[in-house]
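Chemist: Mind looking at a prediction? Sequence and model below.
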Amino acid sequence: MTQDIFIGGGGAAYATPQFLNIGYANRHGLIAGATGTGKTVTLQILAEGFSAQGVPVFLSDVKGDLSGLAHSGSAAHKLHDAFTSRAEKIGFDSYSYDAFPVTFWDLYGEQGHPVRTTVSEMGPLLLSQLLGLSEAQEGILNIAFRVADEDGLPLLDLKDLQALLVWIGENARDLSLRYGNVSTASVGTIQRRLLVLENQGAADLFGEPALALEDMMRTNQDGRGMINILAADKLMGAPKLYATFLLWLLSELFEELPEVGDPDKPKLVFFFDEAHLLFDDAPKALVDKVEQVARLIRSKGVGVYFITQNPADVPEDILGQLGNRVQHALRAFTAKDQKDLRLAAQTYRDNPAFSTEEAIREVGVGEAVTSMLQKKGVPGIVERTLIRPPSSQLGPIDPAERATLMKSSPMAGKYDTRLDRESAFEILRARADKAAAEAAKAEEQAEEAETPALREFNNARRYAGKGVNRSTSRGQGKSWSREVGGAVGSVFIKELKGTTGRRIVRGILGGLFKGR
């Protein structure tokens, strides 16, 4: 039996229970507040509440603290007395310590199971955003995806895309006639950006086996929702990679999950921490896509909760769709801060008992201004709420315990070994080897067909002996084809002679953002 999620006590003396209506939890939410005001604990208690109701959760652990969800709290903890006192104050009579089912994930495969996607699944729009490409460069990336689709060249990892871009540069003239101007300078820029991305560790993200969404939407044997924790402390060193990955995951959920209308409870709740990274310098087309996802994904049973320091970090059109709100304290030191605070206060349904603007400025650590959706999706009256204490451990678990949990996880072994099946890189390399062999054979046949008189004439006519040139050329060609760039370069020469038209059927590039 599902129950609403208790989040704290509001009203006079914090004695009025405040609940998140689980039937409206897929209508999204916001957790906001300045650093150190309690956002992480609010995220922790919401994750506990959803898990207890059988709802899987995905969240990113930016500071490394949320791994404590896997371990029960303890009476030996220094905040035990404070926690029990708060629970008594807000009427949380059933408060007890507990651990929750957790699966650890990590793009780098260090603090969790590796999580990967393919280049084709990421799509040209998100890759362009990740690489910071101009409109013209984004156009060339779209051409690359079109060529890959038409010529049967699966784009699985970065080396596939890099090899294909070399091919496009070599065939720029022919491709320009069909798709418009293809600048080799722009191709070079994309290659350099890919190199920077690779140096940031993105090579670990792209490849196979790709993440299966159902592995994040599981319950344990007790019916509790799995809490999927993405290790993001290291990932935050590449903020665009972090934001793009989370947006890709949202788009995949939108694309793959069936319509469910208004379920009794969400199928998954997705917490997007440091949400401002998604919108900083984002082009309008990308913001429009995020708005579309936020508007429509709730019908797939997915609730999205943005976590950020200031509600102004979230575009207004998206902010208006976040019905469940927990607003911790905002600091108002500058004129802009004061304006943002006023605007934040205006988005709540007024409570005649206090000024919302003053409350947002004054609430202490662990306290917040809250408004949750009520019956028929109507926003609740704003309340000053004392957030309940967590049942799980406050703070991270030790590395040994994390390693033990990873070994016993159902995901252990499924994603640990990278696969490298035949894709664009291998196909182009095979073509290069074949082209080099055919060229060498043609030269040998031509040489054998020469009469002694013709050979003597040709040797006398040229400064260097033809035989010497052929021998050197063959030797270089074989060495070149052994190297990645050489292999691809060799095939490009062959492709210019007429093999560009070959097509091999492959799957259509899917995903919400892949068709752009």
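Modeler: Done, it's in. Treat the numbers as computed from the prediction; the structure is a model and nothing was measured.

Chemist: How far off centre is the helix or strand where Leu164 lies?
Modeler: Using DSSP states H and E, Leu164 maps to helix 158-170. Relative to its chain's centre, helix 158-170 lies at 23 Å (Cα atoms, centre = their mean, to the nearest Å).

Chemist: I'd like the numbering to begin with 45 instead of 1 from here.
Modeler: That works, and once the first residue is 45, the last one we named lands at helix 202-214.

Chemist: Now the helix or strand just after that helix - C-alpha only, CSV.
Modeler: Elements were assigned by DSSP H and E; along the chain past helix 202-214, the next helix or strand is helix 216-223. Output of helix 216-223 as CSV, limited to C-alpha atoms (Å, rounded to 0.1, in the frame of the first residue of the first chain):
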residue,chain,number,x,y,z
ALA,A,216,34.7,17.1,-48.4
ARG,A,217,34.3,18.1,-52.1
ASP,A,218,32.0,15.3,-53.0
LEU,A,219,29.9,15.6,-49.8
SER,A,220,29.6,19.4,-50.3
LEU,A,221,27.7,18.7,-53.6
ARG,A,222,25.1,16.6,-51.7
TYR,A,223,24.8,18.2,-48.3
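
Chemist: Just the buried positions in helix 216-223, please.
Modeler: 216, 219 (16 or more other Cβ atoms under 10 Å). Backbone N, C-alpha and C define where each C-beta goes, glycine included.

Chemist: residue boundaries of the helices in the stretch 95-244 of the chain?
Modeler: Using DSSP state H, counting those that start in this stretch, the helices found in the stretch 95-244 of the chain span residues 124-133, 163-175, 179-194, 202-214, 216-223, 228-243.

Chemist: what ranges of the stretch 295-444 of the chain fall below the confidence cut-off?
Modeler: Along the stretch 295-444 of the chain, no part satisfies pLDDT under 70.

Chemist: picking that back up, taking helix 179-194 as reference, get the angle to the helix holding Leu208.
Modeler: If you take axes from the mean of the first three to the mean of the last three Cα atoms, to 10 degrees, helix 202-214 sits at 110 degrees to helix 179-194.

Chemist: what pLDDT, on average, does helix 202-214 get?
Modeler: For helix 202-214, mean pLDDT is 94.

Chemist: Quick check: which helices or strands does it pack against?
Modeler: In terms of contacts (3 or more Cβ pairs under 8 Å, 6 or more residues apart in numbering; DSSP states H and E), helix 202-214 is packed against helix 163-175, helix 179-194, helix 228-243, helix 468-493, helix 528-538.

Chemist: Please identify the deepest-packed of these.
Modeler: helix 163-175 (a mean of 24; mean count of other Cβ atoms under 10 Å).

Chemist: Format the helices of the stretch 95-244 of the chain as TSV; extra columns: distance to Glu402.
Modeler: Shown next, in TSV, are these (distance: least, Cβ to Cβ, whole Å):
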stretch	distance to Glu402
helix 124-133	22
helix 163-175	39
helix 179-194	46
helix 202-214	52
helix 216-223	59
helix 228-243	46
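
Chemist: and Phe315, which of the ones you listed is closest to it?
Modeler: helix 163-175 (19.8 Å; Cβ to Cβ).

Chemist: For Gly305, the count of nearby residues, please.
Modeler: Using other Cβ atoms under 10 Å, Gly305 has 8 neighbouring residues.

Chemist: That one contacts Ser343, correct?
Modeler: Yes. With contact defined as Cβ atoms under 8 Å, Gly305 and Ser343 form a contacting pair (6.3 Å).

Chemist: quick one, strands of this structure?
Modeler: Along the chain, the stretches classed as strands by DSSP state E are 49-54, 60-64, 73-76, 101-105, 146-150, 157-158, 271-275, 312-316, 346-352, 368-371, 411-415, 427-431.

Chemist: what is the orientation angle of the fifth one with strand 271-275?
Modeler: I take that to be strand 146-150. 30 degrees.

Chemist: Repeat that for the first one.
Modeler: Here strand 49-54 runs at an angle of 80 degrees relative to strand 271-275 (the same axes, to 10 degrees).

Chemist: one step back: now the strands of the chain as JSON lines including mean neighbour count?
Modeler: JSON lines is the format used below for these (neighbours: other Cβ atoms under 10 Å):
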{"stretch": "strand 49-54", "mean neighbour count": "24"}
{"stretch": "strand 60-64", "mean neighbour count": "19"}
{"stretch": "strand 73-76", "mean neighbour count": "26"}
{"stretch": "strand 101-105", "mean neighbour count": "25"}
{"stretch": "strand 146-150", "mean neighbour count": "23"}
{"stretch": "strand 157-158", "mean neighbour count": "20"}
{"stretch": "strand 271-275", "mean neighbour count": "25"}
{"stretch": "strand 312-316", "mean neighbour count": "24"}
{"stretch": "strand 346-352", "mean neighbour count": "25"}
{"stretch": "strand 368-371", "mean neighbour count": "26"}
{"stretch": "strand 411-415", "mean neighbour count": "26"}
{"stretch": "strand 427-431", "mean neighbour count": "24"}
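
Chemist: okay, these in CSV with distance to Phe94 next?
Modeler: Output for the strands of the chain, formatted as CSV (distance: least, Cβ to Cβ, whole Å):
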stretch, distance to Phe94
strand 49-54, 7
strand 60-64, 9
strand 73-76, 11
strand 101-105, 5
strand 146-150, 13
strand 157-158, 21
strand 271-275, 8
strand 312-316, 5
strand 346-352, 9
strand 368-371, 12
strand 411-415, 16
strand 427-431, 15
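
Chemist: To Pro440, which of the ones you listed lies closest?
Modeler: Among those, strand 101-105 sits nearest to Pro440 (Cβ to Cβ), with 8.4 Å.

Chemist: neighbouring strands for the closest one, and are they parallel or not?
Modeler: strand 271-275 (parallel), strand 312-316 (parallel) (DSSP bridges).

Chemist: what comes into contact with that strand?
Modeler: Applying Cβ atoms under 8 Å, 6 or more residues apart in numbering, the set of residues contacting strand 101-105 from outside is 87, 91, 94-95, 110-111, 260, 269-277, 279, 286, 290, 293, 312-318.

Chemist: same deal with stretch 164-177?
Modeler: 163, 181-182, 185-186, 188-189, 192, 198-200, 233-234, 237-238, 241, 246, 250, 254, 284-285, 288, 291-292, 295-296, 326-327, 329-330, 333, 553-555, 557-560.

Chemist: Near the closest residue in space to Pro198 that isn't next to it in sequence, how many residues? Count them for me, please.
Modeler: When the adjacent residues along the chain are set aside, Pro198 lies closest to Ser467, with 4.2 Å between them (Cβ to Cβ, 6 or more residues apart in numbering). When neighbours are defined as other Cβ under 10 Å, Ser467 has 25 of them.

Chemist: Enumerate every residue touching Ser467.
Modeler: So Ser467 contacts 197-201, 204 (Cβ under 8 Å, 6+ apart).

Chemist: if we take these, which one ends up nearest to Ser129?
Modeler: Asp201 (53.6 Å).

Chemist: I'd like the distance between Lys485 and Ala476.
Modeler: In this view, Lys485 and Ala476 are 15 Å apart by Cβ to Cβ, to the nearest Å.

Chemist: returning to what we had before: closest to Asp442 out of the strands of the chain?
Modeler: Nearest to Asp442, of these and by Cβ to Cβ, is strand 146-150 at 13.3 Å.

Chemist: List the neighbours of that closest one that are in contact with it.
Modeler: By Cβ under 8 Å, 6+ apart, strand 146-150 touches 111, 113-114, 155-159, 259-260, 262, 270-275, 446, 449-450, 453-455.

Chemist: run the last query once more with 6 Å
Modeler: 113-114, 156-157, 159, 270-275, 450, 453, 455 (Cβ atoms under 6 Å, 6 or more residues apart in numbering).

Chemist: would you turn those residues into CSV with distance to Lys133 and pLDDT?
Modeler: Formatted as CSV, the contacts of strand 146-150 follow (distance: Cβ to Cβ, whole Å; pLDDT from 0 to 100):
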residue, distance to Lys133, pLDDT
Leu113, 24, 97
Ala114, 28, 97
Gly156, 37, 96
His157, 40, 96
Val159, 41, 94
Met270, 32, 98
Ile271, 27, 98
Asn272, 33, 98
Ile273, 30, 97
Leu274, 34, 97
Ala275, 35, 95
Met450, 38, 96
Ser453, 38, 94
Met455, 40, 94
